[in-house]
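Engineer: Generate coordinates for the sequence data below:
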Amino acid sequence: MKKHDFNPESLMMTYGYKPELSEGAIKCPIFQTSTFVFKTAEEGKAFFELAYGIREKSPKEELGLIYSRINNPNLEILENRLSLWDKADGCAVFESGMSAISTVLLEFLSPGDLLVYSNPLYGGTNHFIHHFLDKIGVHTLGIMPNQDVNEVVQMIQDSGKANKLAMIYLETPANPTNHIVDIKKFSQIAKQFESEDRKPLLAVDNTYMGPLWQHPLQCGADIVLYSATKYIGGHSDLIAGAVLGNAELMTRVKTLRTFLGNMVSPHTAWLLLRSLETLKVRMDQQTKNAQRIADYLSTHPKIKQVYYLGLLKEGTEDYMVFKKQCSAPGAMISFDIRGGEKEAFLFLNNLKLLKLAVSLGGTESLAEHPKTMTHAGVDEEQRCQMNITDSLIRLSIGVESADDLIWDLEQALEKVSKI
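Structural biologist: As a prediction, the model looks like this:
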């Protein structure tokens, strides 16, 4: 019989785990241990030589278990499985999305370097860029949605730091406006500024699309990042982050992670392994629900505009980018309610099924007010430029009945209609 290549959703059940090594348990146990016993002193020496890069790995040799800050069976199996979705050489999982983001920025940026980043960004990333990187001498250049590629190139050249460009950092679709960025075009910009001794990296925060609906590494990115708290975790019961890329880059990321000590715990890794088994089922239902809800909201008289990839108009540049690099429109919807903060808060306060909370990607549907919540720390002028206004509301759509979610939105909007 011909060899069969299994889909990632099938491999999420078993890949990387050998039941015979765990008393035949069908599911990977939690390896709740800080350290591991070596069979011999020679084995311990060999493991540490690999862990600290003292020598090259010989063919078929694997890094043995040493200490859970370095490696752990739960962590390794999780990283192997996560790598399948993005077809990455390797993966590093962290205790939070921000620890994944900050570790990448710290590893690949040095004093004097230039970081180019897209707007809008997740509030935590925005804060790290504006309130930490400048303290260590990293220069930053923000670009706005829908800027022409030639304009971006000109901005880099005009910065006077073009020869110091070290990274382009994108978040697409953007939080909370769903602005989409052409990953391939930005990979070409990064290549344009390559030199013999410098290769600018392209990093993409893919949290909004999860590992299912968009694969930045296949579009030219060097690094993909996730808040694994969101779709990957999927149940709003853990905090985690993930970074994926080629073997060389992941070695650097994992080495810094070892010394920062911000790897995921065995228990959190075990919870994420559980979540990966249902990731496709959950995300398929979430995007299906979101399309119905976006269609409903787009015709409601109390709503000025809906921001959802599934509503992009054919023939537009954004639509062409979406069709090129995404397999589905996702489950994040933002919209401008007619009025301002008063109307937005009245709507949010009257929701019954949707929960008023930040975060996203869980099985339950959530609603929040970006200007005063997730993006409260963003400069007011920047928020205006990015359309993060008093009237903007963000929804994360879950797996509930779409009919029930629409009923809830309708009754909350009716309360707003009465003022």
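Engineer: so what's Q218 up against?
Structural biologist: D86, K87 (C-beta atoms under 8 Å, 6 or more residues apart in numbering). Just so you know, the C-beta spots here come from the backbone N, C-alpha and C atoms, and that holds for glycine as well.
Engineer: Tell me where the longest helix sits in the protein.
Structural biologist: For the chain, the longest helix by residue count, based on DSSP state H, is helix 279-297.
Engineer: who touches that one?
Structural biologist: Here helix 279-297 has contacts from 8-9, 12, 210-213, 231-232, 234, 303, 306, 308, 310-311, 328-333, 335, 361, 363, 395, 397-400, 402, 405-406, 409-410, using C-beta under 8 Å, 6+ apart.
Engineer: could you redo the last one with a cut-off of 6 Å?
Structural biologist: With contact meaning C-beta atoms under 6 Å, 6 or more residues apart in numbering, helix 279-297 is reached by 9, 210, 212, 231, 234, 303, 306, 308, 310-311, 328, 330-331, 333, 335, 397, 399, 402, 405-406.
Engineer: Can you flag the buried ones in these?
Structural biologist: With burial judged by 16 or more other C-beta atoms under 10 Å, the buried subset of the contacts of helix 279-297 is 9, 210, 212, 231, 234, 303, 306, 308, 310-311, 328, 330-331, 333, 335, 397, 399, 402, 405-406.
Engineer: Can you tell me which of these end up in helices?
Structural biologist: E9, G210, L212, A402, L405, I406.
Engineer: Excluding sequence neighbours, find me the nearest residue to the first one.
Structural biologist: Put plainly, it is E9. The shortest distance from E9 to any non-neighbouring residue, by C-beta to C-beta, 6 or more residues apart in numbering, is to K280 (4.2 Å).
Engineer: And that neighbour, how far from K415?
Structural biologist: K280 sits 37 Å away from K415, going by C-beta to C-beta, to the nearest Å.
Engineer: Settle it for me: which of those two has more neighbours?
Structural biologist: Set K280 next to K415 and count neighbours by other C-beta atoms under 10 Å: K280 wins out with 18 against 15.
Engineer: quick revisit: now the two most distant members of the ones in helices among the buried ones among the contacts of helix 279-297.
Structural biologist: E9 and I406 (28.2 Å; C-beta to C-beta).
Engineer: Surely C91 forms part of a strand?
Structural biologist: Yes. C91: assigned to a strand according to DSSP: H, G, I helix; E, B strand; the rest coil.
Engineer: For the residue nearest to E9, give its distance to A328.
Structural biologist: 11 Å.
Engineer: Then F322?
Structural biologist: 10 Å.
Engineer: residues of the longest helix of the chain that come out buried?
Structural biologist: 279-280, 282-287, 289-291, 293-294, 296-297.
Engineer: can I have it written out in PDB, keeping just the CAs?
Structural biologist: The C-alpha coordinates for helix 279-297 follow below in PDB (Å, rounded to 0.1, in the frame of the first residue of the first chain):
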ATOM      1  CA  LEU A 279      -8.400  22.600  17.500                       C
ATOM      2  CA  LYS A 280      -9.700  22.100  14.000                       C
ATOM      3  CA  VAL A 281     -13.200  21.200  15.100                       C
ATOM      4  CA  ARG A 282     -13.400  24.200  17.300                       C
ATOM      5  CA  MET A 283     -12.000  26.700  14.800                       C
ATOM      6  CA  ASP A 284     -14.100  25.400  11.900                       C
ATOM      7  CA  GLN A 285     -17.300  26.000  14.000                       C
ATOM      8  CA  GLN A 286     -16.000  29.400  15.200                       C
ATOM      9  CA  THR A 287     -15.400  30.800  11.700                       C
ATOM     10  CA  LYS A 288     -18.700  29.400  10.500                       C
ATOM     11  CA  ASN A 289     -20.500  31.200  13.400                       C
ATOM     12  CA  ALA A 290     -18.600  34.400  12.800                       C
ATOM     13  CA  GLN A 291     -19.600  34.600   9.100                       C
ATOM     14  CA  ARG A 292     -23.300  34.400  10.100                       C
ATOM     15  CA  ILE A 293     -22.900  37.000  12.800                       C
ATOM     16  CA  ALA A 294     -20.900  39.400  10.600                       C
ATOM     17  CA  ASP A 295     -23.600  39.100   7.900                       C
ATOM     18  CA  TYR A 296     -26.300  39.900  10.500                       C
ATOM     19  CA  LEU A 297     -24.400  42.900  12.000                       C
END
